[in-house]
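> need coordinates for the following:
(one chain, ligands or ions: 2)
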Amino acid sequence: MIPLRLLLFSKLPNGAVRSIYSNFGIQNPNLTTTIITHVPPPSSASMGTKVSAMVIDGKSVAEDIQDKLTVEISRMKNKFGVVPGLAVILVGDRKDSASYVHNKKEACESVGINSYEVCLPQDCREEELLMHISSFNDDPSVHGILVQLPLPSHMNERNILNAVCIEKDVDGLHPLNIGRLAMSGREPLFLPCTPKGCIELLHRYNVDIKGKNAVVIGRSNIVGMPAALLLQREDASVSVVHSRTKNPEEITKQADIIISAAGKPNMVRGSWIKPGAVLIDVGINPVEDSTDPRGYRMVGDICYEEACKIASAITPVPGGVGPMTIAMLLLNTVTSAKRIHNCN
Ligand SMILES: Nc1nc(=O)c2c([nH]1)NC[C@@H]1CN(c3ccc(C(=O)N[C@@H](CCC(=O)O)C(=O)O)cc3)C=[N+]21
Ligand SMILES: [Mg+2]
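Ligands and ions are numbered 1, 2, ... in the order given. Next up, the predicted model:
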């Protein structure tokens, strides 16, 4: 039995909303059941000024998931002698990629997943990368393989993603897994981490998806396209807008739910948003900031200051979808290890 846990979010970052959030733990790794009760905001917050959107706290949801994974992993180790392993391959020296890979490695350590990291030079040959993938495919201590994207332009992304065996495709980006995601009645072995994290946030915050108008901004293989497929599986009516869409704001203005993965800082303005909409911002765009020790800070695709006055709920950047992507990667790795070793 997993103990019932209560988390009290007495003061959210915007200070306006209190929510009591009771979690019944992970029963099925693909489906977590959560009940959230929204307590009305204190009256002072609603006097005169507009009440701002609830902040969807991806960071604390991710921490909650990772806490449960830590317990589960130690159980697997004690009962079956199985320790989940994740291999991460990084090609080239993009600073953002190196930083995400670092975050993934730290997260593995914190929950007890063994992580194996391979860093290859920017000018590495495709054959060499394929060789590493192939040896991880054959390595029984590895249950998940992630090739950090984007790859250098001389490499063929399709070839590379194809080479990961589908049983270890914890990124959910192998064409067979994506193909299954697109077909009703077929189940992928893994769901892509970022879209899965977005849907998980909607579930955790009790957002109805069925029958709602959902708009996905962006059509990338890694986020936009699988997010649109997942939303359809949740019975949303889905529109996809992208760089060639004429007047995207006319479409987003109809949306009950927006998942934005455009990669353009502050692109979604207040005027694009229907009052009461739920906003999931996948964008992590670096903008120069001399007051930050790194010299830059991350902003989303959605203009937060405008949007939080109109939406009913919104994910912050950072602290929203990013940490959930990592939590879903860890969850997929644990699911994979259980499936491979038949431990339950
Ligand atoms: N094969 C592959 N799988 C991926 O899942 C994948 C990828 N390639 N390429 C790049 C994107 C991006 N991505 C992120 C992971 C963690 C944060 C993250 O930790 N974000 C934190 C910190 C952000 C910061 O300030 O640096 C936050 O949003 O709070 C963000 C983004 C995974 N991706
Ligand atoms: Mg696009």
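> checking Arg186 next. Helix, strand or coil?
Under DSSP: H, G, I helix; E, B strand; the rest coil, Arg186 falls in the coil class.
> how about the contacts made by it?
Gly179, Arg180 (Cβ atoms under 8 Å, 6 or more residues apart in numbering). Where you see a C-beta, it was placed from the backbone N, CA and C, and this is true even at glycine.
> touching, Ser237 and Val215? I think so.
No. Counting by Cβ atoms under 8 Å, Ser237 sits too far from Val215 to count as a contact (9.7 Å).
> looking at those two, which one has more neighbours?
Higher neighbour count among Ser237 and Val215: Val215, with 27 against 15, using other Cβ atoms under 10 Å.
> let me know the pLDDT of the closest residue to that one other than its chain neighbours.
With Cβ to Cβ, 6 or more residues apart in numbering as the criterion, Val215 has its nearest non-adjacent residue at 3.9 Å, and that residue is Ala255. At Ala255, the pLDDT value in this model is 99.
> got a list of what Ala255 touches?
So Ala255 contacts Asn213, Ala214, Val215, Ser239, Ile273, Lys274, Ala277 (Cβ under 8 Å, 6+ apart).
> assign it to helix, strand or coil.
Going by three-state DSSP: Ala255 is coil.
> against ligand 2, how distant is it?
Computed as Cβ to the ion, to the nearest Å, the Ala255 to ligand 2 distance reads 17 Å.
> buried set for stretch 64-81?
Within stretch 64-81, the residues scored as buried using 16 or more other Cβ atoms under 10 Å are Asp64, Ile65, Gln66, Lys68, Leu69, Glu72, Ile73, Met76.
> keeping just the C-alphas, turn that stretch into PDB.
Output in PDB follows, covering the C-alpha atoms of stretch 64-81 (Å, rounded to 0.1, in the frame of the first residue of the first chain):
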ATOM      1  CA  ASP A  64       6.200  14.400  -5.800                       C
ATOM      2  CA  ILE A  65       6.600  12.000  -8.700                       C
ATOM      3  CA  GLN A  66      10.300  11.600  -8.000                       C
ATOM      4  CA  ASP A  67       9.700  11.000  -4.300                       C
ATOM      5  CA  LYS A  68       7.400   8.100  -5.300                       C
ATOM      6  CA  LEU A  69       9.900   6.800  -7.800                       C
ATOM      7  CA  THR A  70      12.600   6.800  -5.200                       C
ATOM      8  CA  VAL A  71      10.500   4.500  -3.000                       C
ATOM      9  CA  GLU A  72       9.500   2.300  -6.000                       C
ATOM     10  CA  ILE A  73      13.100   1.900  -7.100                       C
ATOM     11  CA  SER A  74      14.300   0.800  -3.700                       C
ATOM     12  CA  ARG A  75      11.500  -1.700  -3.600                       C
ATOM     13  CA  MET A  76      12.600  -3.100  -7.000                       C
ATOM     14  CA  LYS A  77      16.100  -3.300  -5.800                       C
ATOM     15  CA  ASN A  78      15.300  -5.100  -2.600                       C
ATOM     16  CA  LYS A  79      12.700  -7.500  -4.000                       C
ATOM     17  CA  PHE A  80      14.100  -8.200  -7.500                       C
ATOM     18  CA  GLY A  81      17.700  -7.000  -7.400                       C
END
